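Novice: okay, predicted coordinates and the sequence, questions at the end:
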Amino acid sequence: MRYKILLVEDSKVIQQMYRNKLLLEEFTVVTADNGMEAIKILSQEKPDLILLDLMMPVMDGYKVLQVVKTDSKLSGIPVLVFSAQGQPEEIERALNLGAAGYFVKATSKPEKVVDKIRLILSQKLKNQEVAHYSLEIRNDTYDAVKLASDFSLNEMKCPNCQQPMLLSLIPDFSHEATWFCGKFYCPKCEG
Ligand SMILES: [Zn+2]
């Protein structure tokens, strides 16, 4: 199976360089010159990974990250960011928005970027066997007391029907490690 990479980069020279490298490594490559174009492509096709520049005209990479990570149909696509700069606050902002990794263009060889892409994709494949879980939390263990009080759940019970609330774990494939988003729900009231 050939993985499809969406390469978003406004510099034609860099776009061409990475496109050639990725094609050589037997990836399928779709390119976009800016964030707006990337979003348009994402409405039509689903890449396995997005390689995203940050500083671009029309729509920058931060905005693309935000759109991808808040859309439930897209949020599972890992986004690897590469940028001209490597300021700590810039890296932190991208990672906080859900980037799976960060490269500084000037100091990163394309081989390293490809290695990282392969690592993320193999991780994603493994994680796909991870399902969605529902757990009941015993109200007297570890942080359960604090958790119940922070969320105003009396002994982890549904305020409506007094059934024990469950913690639903939803896999989030945007991280390298196995990762979940969690949500409380009542199996009786919310099915
Ligand atoms: Zn209920």
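Specialist: Received, thanks.
Novice: according to the record, where do the domains of the chain fall?
Specialist: As recorded under automatic domain parsing, the domains making up the chain are 4-127, 133-185.
Novice: tell me the most buried of the ones you listed?
Specialist: domain 4-127 (a mean of 17; mean count of other C-beta atoms under 10 Å). For glycine as for every other residue, the C-beta is placed from the backbone atoms N, C-alpha and C.
Novice: where along this protein do the strands fall?
Specialist: Per DSSP state E, the chain carries strands over the ranges 4-8, 28-32, 49-53, 79-83, 101-104, 133-136, 166-171, 180-185.
Novice: out of those, flag the one nearest the ion.
Specialist: strand 180-185 (8.7 Å; C-beta to the ion).
Novice: return the list of helices and strands in contact with that closest one.
Specialist: For strand 180-185, the packing partners by 3 or more C-beta pairs under 8 Å, 6 or more residues apart in numbering; DSSP states H and E come out as strand 166-171.
Novice: turn the domains of the chain into JSON lines, including mean pLDDT and distance to the ion.
Specialist: Listed next are the domains of the chain as JSON lines, based on pLDDT from 0 to 100; distance: least, C-beta to the ion, whole Å:
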{"stretch": "domain 4-127", "mean pLDDT": "91", "distance to the ion": "24"}
{"stretch": "domain 133-185", "mean pLDDT": "85", "distance to the ion": "3"}
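Novice: pull the residues that contact stretch 161-179.
Specialist: 69, 75-79, 98, 100-101, 119-120, 123-124, 127-128, 130-137, 153, 156-158, 180-189 (C-beta atoms under 8 Å, 6 or more residues apart in numbering).
Novice: ok, now stretch 90-107?
Specialist: 14, 52, 54, 61-62, 65-66, 68-69, 75, 78-86, 112-113, 116, 120, 174-176.
Novice: and the closest residue to K183 other than its chain neighbours, bridged to which residues?
Specialist: Spatially, and ignoring its direct neighbours in sequence, K183 is nearest to S168 (4.8 Å; C-beta to C-beta, 6 or more residues apart in numbering). As for beta bridges, S168 partners with S134, K183 under DSSP bridges.
Novice: for L6, see how far away S168 is.
Specialist: Distance of S168 to L6, given as C-beta to C-beta, to the nearest Å: 30 Å.
Novice: contact partners for the residue nearest to P110 when sequence neighbours are not counted?
Specialist: Closest residue to P110 apart from its sequence neighbours, by C-beta to C-beta, 6+ apart: K21 at 4.4 Å. Contacts here follow C-beta under 8 Å, 6+ apart; on that basis K21 touches P110, E111, V113, V114.
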